[in-house]
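[1] Predicted model and sequence below, questions to follow.
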Amino acid sequence: MNFRNLIIALLILTGLRLAYIGQIELSPDEAYYHEWSQRLDTCYFSKGPGIALTMRASTAIFGHSEFGVRFFAPILALGTSLLLYWLARRIFDARVAFWTVVLLNATPIFNACGLIMTIDPLSIFFWTATLCTAWLALEKRDTFSLWWPATGLLIGLGFLCKFTNAMQLLSIFLLLALTPGYRRELLRPGFWTTVIIPLLFAWPIYRWNELHGSPTTHHLAARGGLATAWWQLNLPDFGQFVGLHFLVYGPLIFAALLWTFIVFSKDSLARWTSALAWSLPALPGSLRRRTVAWIAAASTLLGLYFFGNALERPELHTLALALALGAGFVAVATLKDEPNIHWKPRFLIAFAFPLVALYLWITLHHDAEVNWTAPASLSLAILTVSYFAERVASSGVWKKTAIAAIALSAAITLIALSTPSVRVRLTGWASTAKVVQDFRDRIEQQTGKRVFLIADDYGTAASLCYYLPEKRIEAPGHPPVYVPESPEAQNQFHFWPRYDEYEARNPAVPLNEDEDSREYGINKFAGRTALYITDREENEPASVLLPSFFTRTEGETRWGKQKSAPWRQFTEFEIKQGDRTLRKLRIFILPHYQPGKVLD
């Protein structure tokens, strides 16, 4: 439990991670974010600019290798560990801090964050840093502290990396509102600086979405299953979601986290349930005693609603709903018994409960990813270690169980790193890209014309963009590989230069009636052949592509007695590593692109 020994162990572990990250290929998500980093913007289809800026910085220093793309993942894992140690020691003691860091660094999910550079290493780093500054701000109760704006700054930075980090604002609000001794902080400047500063970070993202048709909002609503009726429960996906947590944290560690969460939440839930049950009978009396307040609240909510209708601003409807829920929350809170949970556990559970509750609700109605709840595990890990610390110290059985829990999680991590089925998404993309390029070269030799590449989804397209030996760019800003385009944005490729775009036509050049358009202009890809690449077992290309490709030969053709044929039979390749098949690749030849068919 010596801090010096812990630092040495963390530095060795970080060194091993740095050595490992350059030995494995990029995942499709990493390659996708790498494409973002080549085209900086204030927001992207599904995320803020944090991951793009981070990769831009690391590749500027170390180049566009796997090591360069991933460099900050081990560094952020080290930073998160040190911050977590500081926080746990500040709240409890050095023993709790030591074992919290050991516990988290043994889990597969935290090790994945230390090796793979996605939005999660950034998110959990800023989440942990926010926990530290929020604790320091609340230590100086009744006085303004610079830790309040620092907390807002860190939430804003985290929000740029992953929108989930905005949930910390809700955690702070609930913590203050539900703790009598801290409620006055809601009216003080410190709390409001924490709220306002993240809004400054959110404004550019809001503007980007407003200018681009709100793709991020639509994407998040779809991923959250907001269109699903609340009574339509998806129990199989819910069970799978919970079950996966036992794997990615280790079965014994997750069982301990879950038990701690239940122990420190059940009494509070019971008090809220009781208050909610009493709220309806108490409503008539409240209406008589606080008539003016109820009229003012109803007028404000209705005013926002109708004002939103008049201005066609649905966000005002959302604000009205949020205020209504807040008013209901305050009303029920007045009927709730005083809390019996101590301040330290209350602080830690406040930064876990809202996030866990949100994603449990989502996964009951829609599929969810196991990494979504990862930030909640940070404060929960501190609370879990503190809860079991005395038991482990005083009982040989508990001590052996704790050692077994950590060893089991570490073993699962090592097995996962060496298991081919787990690493399949990180293997074989360079070979895949080589197969695609060789096939492209062969077709171009046969036809004497350049072809362009379309992949089945953003992950395949991004991986090919990164690993193609010859990254052919059709025009400045274009990616080397495209995705099937449609009128509605499906991913970030939609917002970059596309093969279905038109340019202004030179009036001095005669119009090609077959390939150009009087209305839209000219298209550089008109009349060219595309290769559609997919690693799915598809027997035909994406349906949105078919109307845009055909054979121009009239009468009797190689396709029979017909004017056109949408696509040719695919060619299948097996991408192997030794005797193991990593993926099956199908490439379709799509002849003679005719732009504008999606528009038609």
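    Happy to help now that I have it.
[2] Please count neighbours and contacts with C-alpha atoms only from this point.
    Noted.
[3] Break the protein down into its structural domains.
    Domain assignment for the chain by automatic domain parsing gives 1-117, 121-223, 428-590.
[4] need those in CSV with distance to Trp398, mean pLDDT and mean neighbour count, can you?
    Below are those laid out as CSV (distance: least, Cα to Cα, whole Å; pLDDT from 0 to 100; neighbours: other Cα atoms under 10 Å):
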stretch, distance to Trp398, mean pLDDT, mean neighbour count
domain 1-117, 14, 95, 20
domain 121-223, 28, 93, 19
domain 428-590, 43, 81, 17
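[5] do you know which of those domains lies nearest Arg290?
    Arg290 lies closest to domain 121-223 among the domains of the chain, at 20.7 Å (Cα to Cα).
[6] before we move on, the earlier item: so for Ile403, which of the domains of the chain sits nearest?
    domain 1-117 (9.8 Å).
[7] And the closest one, how far out from the chain middle?
    Remark: domain 1-117 is offset 15 Å from the chain centroid, using Cα atoms, centre = their mean, to the nearest Å.
[8] what's the answer for stretch 448-459, then?
    27 Å.
[9] between the domains of the chain, which gets nearest to Val385?
    Of all the domains of the chain, it is domain 1-117 that lies closest to Val385, at 6.0 Å by Cα to Cα.
[10] His365 is in contact with Pro236, isn't it?
    No - here His365 lies out of contact with Pro236, judged by Cα atoms under 8 Å, at a distance of 10.2 Å.
[11] For those two, indicate the residue with more neighbours.
    His365 (23 against 11; other Cα atoms under 10 Å).
[12] Who are the contact partners of the more buried one?
    The contact partners of His365, taken as Cα atoms under 8 Å, 6 or more residues apart in numbering, are 225, 228-230, 232-234.
[13] Neighbour-wise, which one of the residues you listed leads?
    Gly225 leads those on contacts (other Cα under 10 Å) with 19 neighbours.
[14] What is the burial count for the nearest residue to that residue once chain neighbours are set aside?
    Nearest non-adjacent residue to Gly225, counting by Cα to Cα, 6 or more residues apart in numbering: His366, 5.2 Å away. Neighbours of His366 under the rule other Cα under 10 Å: 22.
[15] now Asp237
    16.
[16] Identify each buried residue in the one helix or strand Asn309 maps to, please.
    If you go by DSSP states H and E, Asn309 is part of helix 291-311. Buried residues in helix 291-311, counted by 16 or more other Cα atoms under 10 Å: 301, 304-305, 308.
[17] So which residues make contact with stretch 184-198?
    In contact with stretch 184-198 (Cα under 8 Å, 6+ apart) are residues 141-142, 144-146, 148-153, 155-157, 159, 166, 169, 173, 176-177.
[18] er, stretch 90-102 I mean
    Outside stretch 90-102, the residues touching it (Cα under 8 Å, 6+ apart) are 1-3, 6, 81-82, 84-89, 344, 381-382, 385-386, 389, 406.
[19] Name the single longest strand found in the protein.
    strand 580-590 (DSSP state E).
[20] Need the nearest residue in space to Pro479, chain neighbours excluded.
    Nearest one to Pro479, counting by Cα to Cα, 6+ apart, is Ile473 at 6.3 Å.
[21] actually Ala405, not the one I typed
    Leu252 (5.0 Å).
[22] Can you tell me the element that neighbour falls in?
    Here Leu252 is assigned to helix 251-289, by DSSP H and E.
[23] what are the pairing partners of the longest strand of the chain, and which direction each?
    strand 529-534 (antiparallel), strand 571-577 (antiparallel) (DSSP bridges).
[24] Turn these into CSV, including distance to Ser123.
    Shown next, in CSV, are the strands paired with strand 580-590 (distance: least, Cα to Cα, whole Å):
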stretch, distance to Ser123
strand 529-534, 31
strand 571-577, 34
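[25] Looking at those, which is nearest to Trp259?
    Of all the strands paired with strand 580-590, strand 571-577 comes closest under Cα to Cα, at 42.3 Å.
[26] From Arg70, how far out is Ala9?
    Here the distance between Ala9 and Arg70 works out to 21 Å (Cα to Cα, to the nearest Å).
[27] burial measure for the residue nearest to Ala405, as a count.
    If we define neighbours as other Cα under 10 Å, then Leu252 has 19 of them.
[28] pLDDT wise, what is it at?
    At Leu252, the pLDDT value in this model is 94.
[29] Can you list the residue ranges for strands in the protein?
    Using DSSP E, strands in the chain cover 451-455, 529-534, 556-557, 560-561, 571-577, 580-590.
[30] Next, format the ones you listed as a markdown table and append distance to Gly114.
    Compiled in a markdown table, the strands of the chain are given as follows (distance: least, Cα to Cα, whole Å):
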| stretch | distance to Gly114 |
| --- | --- |
| strand 451-455 | 29 |
| strand 529-534 | 30 |
| strand 556-557 | 57 |
| strand 560-561 | 57 |
| strand 571-577 | 25 |
| strand 580-590 | 24 |
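[31] between those, which gets nearest to Thr217?
    Per Cα to Cα, nearest to Thr217 of the strands of the chain: strand 451-455, 25.1 Å.
[32] So what touches that closest one?
    440, 443-444, 461, 480-484, 528-534.
[33] which one of the buried residues of helix 291-311 sits closest to Arg290?
    Closest to Arg290, out of all of the buried residues of helix 291-311 and judged by Cα to Cα, is Leu301, at 16.7 Å.
[34] I figured that closest one hits Leu323, correct?
    Yes - in this structure, Leu301 is within contact of Leu323 by Cα under 8 Å, at 7.5 Å.
[35] Now list whatever residues contact both of those two.
    Among the neighbours of Leu301, none is also in contact with Leu323 (Cα under 8 Å, 6+ apart).
[36] next one: the longest strand of the chain to chain centre, how far?
    Counting by Cα atoms, centre = their mean, strand 580-590 comes out at 28 Å from the chain centroid.
[37] Could you number the chain from 54 rather than 1 from now on?
    Sure, I'll start numbering at 54, so the last one becomes strand 633-643.
[38] okay, that strand in CSV with CA atoms only?
    What follows is strand 633-643, C-alpha atoms only, in CSV (Å, rounded to 0.1, in the frame of the first residue of the first chain):
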residue,chain,number,x,y,z
ARG,A,633,-8.2,-18.7,-39.1
THR,A,634,-10.7,-16.7,-41.3
LEU,A,635,-11.0,-13.2,-39.9
ARG,A,636,-13.6,-12.0,-42.3
LYS,A,637,-15.2,-12.7,-45.7
LEU,A,638,-15.1,-9.8,-48.1
ARG,A,639,-17.5,-9.3,-51.0
ILE,A,640,-16.8,-6.9,-53.8
PHE,A,641,-19.5,-5.9,-56.3
ILE,A,642,-18.7,-4.2,-59.6
LEU,A,643,-21.2,-1.3,-60.1
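[39] and the angle from that strand to strand 504-508?
    For strand 633-643 against strand 504-508, the angle by axes from the mean of the first three to the mean of the last three Cα atoms, to 10 degrees is 130 degrees.
[40] neighbouring contacts of strand 633-643?
    So strand 633-643 is contacted by 477, 480-481, 485, 582-591, 593-594, 602-603, 619-629 (Cα under 8 Å, 6+ apart).
[41] Check stretch 528-535 too.
    Taking Cα under 8 Å, 6+ apart as the rule, stretch 528-535 contacts 92, 505-508, 514-515, 517-518, 524-527, 546, 549-552.
[42] Which ones among these lie within helices?
    514-515, 517-518 (DSSP state H).
[43] show me what contacts Gly338?
    Counting by Cα under 8 Å, 6+ apart, there are no residues that Gly338 touches.
[44] Output the contacting helices and strands for the helix holding Asn362.
    helix 367-386 (3 or more Cα pairs under 8 Å, 6 or more residues apart in numbering; DSSP states H and E).
[45] what about stretch 411-430, start to end distance?
    14 Å.
[46] in that stretch, what's buried?
    Buried-residue list, stretch 411-430, by 16+ other Cα under 10 Å: 412-413, 415-421, 423, 426-430.
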